[in-house]
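> Structure for this input, please:
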Amino acid sequence: MKKLITCCAILGLCAISSIKAQEKGKENSVEIMSEESKEQETFQPVDVSQVPAPIVAAVASDFKGAKITKAYKNSKDEYKLEIKTGTESTPKTVYASVEGKWIKPSA
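Got it, this is the predicted structure:
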């Protein structure tokens, strides 16, 4: 009789553990999907002349001699800029808010 009760208790604990593991798996999949949707925040090309003055001033002060070669804007008014100086052969990509503050890319 004791063996039967012990076996039932062990099976019950295993069942509870598997249910908890499935719940955690569901939480992780939701989190991954929300990260993927953030990555889909796309930047649309804009003309370099449309870049706000605070951003142009920030590029001029923080990257001496740099020129904005391409500009992109997303729905949050964040700008993705490709800048190039005379000494670099490849452009550098930077991100800025509309106020001219440097930000990390949203990924």
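> Got the domain ranges for the protein?
1-39, 44-103 (automatic domain parsing).
> Which one of those domains has the poorest average confidence?
Ranked by mean pLDDT, these end with domain 1-39 at the bottom, a mean of 58.
> State the three-state secondary structure for Cys6.
Just so we're on the same page, residue 6 is Thr rather than Cys. Following DSSP: H, G, I helix; E, B strand; the rest coil, the label given to Thr6 is helix.
> tell me, how many neighbours does the nearest residue to Ile83 once chain neighbours are set aside end up with?
Nearest residue to Ile83, sequence neighbours excluded (Cβ to Cβ, 6 or more residues apart in numbering): Ala66, at 4.5 Å. No exception for glycine: its C-beta is placed from N, CA and C like everyone else's. Per other Cβ atoms under 10 Å, the neighbour tally for Ala66 reads 19.
> Starting from Met1, give me the distance back to Ala66.
82 Å (Cβ to Cβ, to the nearest Å).
> Show me where this protein has its strands.
Secondary structure of the chain (DSSP state E): strands located at 44-46, 67-73, 78-84, 92-97, 102-103.
> Determine which of those approaches Ser61 most closely.
The closest of the strands of the chain to Ser61 is strand 102-103. By Cβ to Cβ, the value is 11.3 Å.
> Given that closest one, what are its sheet partners and their directions?
strand 92-97 (antiparallel) (DSSP bridges).
> buried residues in the partner strand?
Residues 94-97 are the ones in strand 92-97 that count as buried (16 or more other Cβ atoms under 10 Å).
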